[in-house]
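Student: Need a 3D model of the following:
(chains A, B and C)
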Amino acid sequence: MSTRTARQLRAFFDAMHDAYGPQHWWPARTPTEVIIGAVLTQNTAWRNVERAIDNLRRSKMLDWSRLRDVPIEQLAELIRPAGTYQVKARRLKSFIAWLWDRYDGDLERMFATSLPALREELLTISGIGRETADAILLYAGGLPTFVVDAYTARILHRHGLIDDSADYDEIKDAFESNLPADVPYFNEYHALLVQVGKQHCRPRPKCEGCPLEPFEHRVEGSE
DNA sequence: GACCAGGCACATC
DNA sequence: GATGTGCATGGT
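Tutor: Predicted structure coming up:
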């Protein structure tokens, strides 16, 4: 019943949790901030996302009606510190237009939709890809979906659990089919992978001092 | 100055 | 369907 992969994934969690403890994710105050942050953090360091969110807060823009009504040029200027700001302003506006069109601007109604259906809906919005959709579902909606990111792929690949060519859905499935669909567990697991990735599993200089080092391990180019 | 950061859409082959 | 490219600020 307990496959090797399932045991390994649980052991990874335990090793990371022992090393770092709870991560208290998502680092945002409300579901609204989580959703905005999920778009702003695309290919962007969280530090810069915080600056953008601070700008929005100071302008009293952490509010869907105000975000709907603000001109896109003004929104873009406020989120400028997050980088690719014109693209991200368009993406936020796309989400907002969809939120009103589909749920009359009501987040609670949105999250009352069943997980698989809501995920499919989110993926139709321009600017909401798989990682952003899953981050919104898990961290803003409290729904049991696993978030995959570049760190997750790199860490699992270096430990021999996935192929180099594994795509997002394959990696997501490795977690969801081998672990219980538990929201606090998925929440903590992804956060811990990001922490390990930031500190120890960089593209270069590869890995050092990683809490997962006792496990079987490899790096690109040394296979 | 190069590389990287909690991606995504779009063009092209 | 795989691969390449633009987006863009700020830290190391």
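Student: Where does A:K88 fall, secondary structure wise?
Tutor: helix A:85-103 (DSSP states H and E).
Student: who touches the closest residue to DNA strand B within chain A in this structure?
Tutor: DNA strand B sits closest to A:G129 of chain A, with a gap of 2.2 Å, by C-beta to the nearest atom of the strand. The C-beta positions use only the backbone N, C-alpha and C, and glycine is treated the same way. Counting by C-beta atoms under 8 Å, 6 or more residues apart in numbering, A:G129 makes contact with A:L123.
Student: does DNA strand C sit close to the helix or strand where A:A174 lies?
Tutor: Assigned by DSSP H and E, A:A174 falls within helix A:168-176. No. Contact between helix A:168-176 and DNA strand C is absent, the nearest approach being 10.7 Å (criterion: C-beta under 7 Å from any atom of the strand).
Student: Give me the mean pLDDT for that helix.
Tutor: For helix A:168-176, the mean pLDDT works out to 95.
Student: ok, the lowest-mean-pLDDT helix or strand in chain A near DNA strand C or not?
Tutor: Lowest on mean pLDDT, DSSP states H and E among the helices and strands of chain A sits helix A:150-158, with a mean of 92. No. Judged by C-beta under 7 Å from any atom of the strand, helix A:150-158 makes no contact with DNA strand C; its nearest approach is 12.8 Å.
Student: relative to helix A:168-176, how tilted is that helix?
Tutor: Here helix A:150-158 runs at an angle of 70 degrees relative to helix A:168-176 (axes from the mean of the first three to the mean of the last three C-alpha atoms, to 10 degrees).
Student: Okay, domains of chain A per the record?
Tutor: When chain A is parsed with automatic domain parsing, its domains come out as A:4-24+A:147-200, A:31-140.
Student: what distance separates the start and the end of the longest one?
Tutor: Domain A:31-140 has an end-to-end distance of 4 Å (C-alpha to C-alpha, to the nearest Å).
Student: same deal with the shortest one?
Tutor: Taking C-alpha to C-alpha as the measure, domain A:4-24+A:147-200 stretches 24 Å from start to finish.
Student: where's A:V147 relative to A:R130, distance?
Tutor: 9 Å (C-beta to C-beta, to the nearest Å).
Student: same deal with A:N48?
Tutor: For A:N48 relative to A:R130 (C-beta to C-beta), the value is 22 Å.
Student: contacting residues around the helix or strand following the helix holding A:A174?
Tutor: Downstream of helix A:168-176, the next assigned helix or strand under DSSP H and E is helix A:183-200. Under the criterion C-beta under 8 Å, 6+ apart, residues A:13, A:16-17, A:19-20, A:22-25, A:138-139, A:142-147, A:149-152, A:154-155, A:175, A:179, A:207-212 lie in contact with helix A:183-200.
Student: Inside helices: which ones of those residues?
Tutor: Using DSSP state H, A:13, A:16-17, A:19-20, A:150-152, A:154-155, A:175 are the members of the contacts of helix A:183-200 that sit in helices.
Student: Enumerate the residues of chain A near DNA strand C.
Tutor: A:43-45, A:47-48, A:51, A:80-81, A:83-88, A:167.
Student: quick one: which of these is nearest A:F95?
Tutor: Set against A:F95, the nearest of these by C-beta to C-beta is A:K88 (10.6 Å).
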